[in-house]
Structure formats: C-alpha cells, structure tokens
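> My questions are about this predicted structure, shown below with the sequence.
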Amino acid sequence: MRPSNTDQEDAGEGYFASISDLMVGILFIFLLMLAVFAINYATEDKDKEIRELQEKVAALTVDVEDLRKLLQERDREIASQRASIANLIQDRDALRRILTDLAEQLESVNIALSNDQGRLEQIRSDLLFAIQKGLASRNVTVDVDVAQGILRLSSEGLFELNEARFTTDGEIKAKALIEEMGRLLPCYSISKADDSTCKKQPIFETVLVEGHTDTLPSPTEGGNWRLSTERARAFLRLIDESPLPLRDLKNDRDQLLFGLAGYGDARNLQSIDGKDRRNRRIEVRFLLSSRREDLTDKIQRLEAVLSTLRSVAGNRP
C-alpha cells in the first residue's frame, strides 16, 4: 500500500525538525564551550595580572625596606651629628669661660704692670729731684726731664769748642753730680757694699751717660759723633777716679749699671740754636728695668690657663 502524500510530508517535516534541534544543540554546545573558553582566558589574564602586581608589590616592599634601613642609618648619623654638635657647643662654652678668665687675668696683669710702672716712674722722679736738690745746695744746676728720666748737667761753659775735656768749671759740676749720684744711686741698684741706710730697690736697667755737641763741624777724625762719645767717656773717667764705687753698681740682671752713648749733633736742645755752646752737654738717662719679679705668680697662672686652652682644643672632635 503506497503511503499517501500527507504521510510523506509529515515524515519530511520530522526530519528537518531533528536537524534543527541538532544544530541548536551543537550551537548551544559551541556557545557553552566559547563561554568556558572566555571565562578560562579571562581567569588566566587575571592571574597573570595578579602575579605581576604581586611581583611589583614584592619589589616595592624590598625598596621600602631598603629605604627604611637607609632612614634608620640617616637617623643614626643625625643623632651622632647632634651629639657632636652638643659636644662642640660644650667645648665652645668652656672655651668662652676660659677666654673670659684669661681676659680677666690679662687685665689684672696689665693693671698691675701699669701700676708698677707708675710706681717705678715715681721712684725715679723722686730720685732725680733728690739729686737736683742736693746739687742746688752746692750751687750746681741740673735740669730734670721727668718723662725721659734724664738729668741734664748745665751746659754753660762745660766744654770748649771741639774739646772732649771738661773746662775747670765743668769738671767741678760733673764731680758734684757724680758725688750726689754716689750718695743716692746705690739704694736703687745692686752693690757690694751693705748700705743699711736704705732699702734696696734695683729698679734701673741702665744709667746711660750721653755726650752731645753743637752743630758746628768738628775737624777731628770721626767728627761730632766721636767728639760726643769722647765727652761721655770723660764723664765716666771721672766716675772711675771717684772713691765712690759707682762703676761697680749692677742691675738686677747682674750687669754693670753704667753705659755711654754719643749722639753727636743729632739731639740738640730745641729751645736754642744748634750752634749755641749750651748744646755741648752731658745728660744722664736713668732707664727703668723691664723685669717684674712680683708678677711671676700671675704669669704662671696665665700659663696654666693657656695650657688648659691647648688641652681643650686638642680634645675637640
């Protein structure tokens, strides 16, 4: 029995329906696989990014740790520098205190030296005026220059022109001056004689006998320079001939007290003409000693302070 056309059409429709379902199933499976693939792919990318981020975080962690260690090291250096600065500040303050003390000590020494210098100058002044007074009682005139410590023997008729020998009147004046110095000067120097009439004060470094000339040229060899020196020698010869032990007097350095100098016509009296005979003169200059034994302890204290300064400076970082 042949199938009818209707049966054939139904069978054809069923066939196509099965193919369609199959295609839909295959498409579903494909989409499912695609979705799974996409999910897997996305997951792998995420894992990769996470791993990269983790690596970066790890690297940054190392950098942070290094920076932390560096900061700790810097902190230690800063702490050390602060300690050094604190030590330097302490040293500075100590040095300031020491320098202040040193300045006070120096001021004290300067005051003492000034006072001592003034005291010695007053003693010298008193001595010069005492000699002047003693000579005045003998009708001999001497001028006193207190500032320079000079006794100026009255030069009127003391030397003839171009002569180194005293005139008769000049020799009388010179011997009178020598006798007055012999009476008083041993009290202010070191001498062999034990003079109990005065308290020894060896304050003089030198007693300098100075010869001078006028400005007229001298025909002798060496000119006025030699002439002035010979005049000073003439005065010292009178001292040597005196019974008074003036030439044996010494200063506090155990050196002979008397010396001589010739100034030629280089130091004429300013109040008169250079050719005036009064420039032919003798001056006795009393030079004070520069030694100050009574300040030895203060000098030693200053040396101790300086030693401390050197010690502090040597221990500074």
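Good, I have the coordinates. Numbering: from 1, shown residues only.

> so who does residue 259 touch?
Residue 259 sits next to 206-209 when contact means C-beta atoms under 8 Å, 6 or more residues apart in numbering. No exception for glycine: its C-beta is placed from N, CA and C like everyone else's.

> Who wins on neighbours among those residues?
Highest neighbour count within these, by other C-beta atoms under 10 Å: residue 207, with 24 neighbours.

> Could you give the bridge partners of it?
Beta-bridge partners of residue 207, counted by DSSP bridges, are residue 258, residue 286.

> Do I have it right that it meets residue 284?
Yes. Counting by C-beta atoms under 8 Å, residue 207 touches residue 284, with 6.4 Å between them.

> Which neighbours do those two have in common?
Common neighbours of residue 207 and residue 284 (C-beta under 8 Å, 6+ apart) are residue 181.

> So which residues of the stretch 101-250 of the chain form strands?
For the stretch 101-250 of the chain, applying DSSP state E, counting those that start in this stretch gives strands covering 142-145, 150-153, 204-211.

> What is the burial count for residue 89?
10.

> and it, how far is that from residue 96?
Here the criterion is C-beta to C-beta, to the nearest Å. By it, residue 89 lies 10 Å from residue 96.

> What of residue 210?
Residue 210 is 50 Å from residue 96, by C-beta to C-beta.

> In terms of neighbours, single out the busier of the two.
In this view residue 210 and residue 96 are compared by other C-beta under 10 Å, and residue 210 has more residues nearby, 22 against 10.

> what residues are up against the more buried one?
Contacts of residue 210 (C-beta under 8 Å, 6+ apart): 228, 232, 260-263, 282-285.

> Now with 7 Å, please.
For residue 210, the contact set (C-beta atoms under 7 Å, 6 or more residues apart in numbering) comprises 232, 261, 263, 283, 285.

> Low-confidence regions, the protein specifically.
1-17, 41-45, 105-115, 193-196, 291-300, 302-303, 306, 309-317 (pLDDT under 70).

> run the last query once more with 50
Judged against pLDDT under 50, the chain has no low-scoring part.
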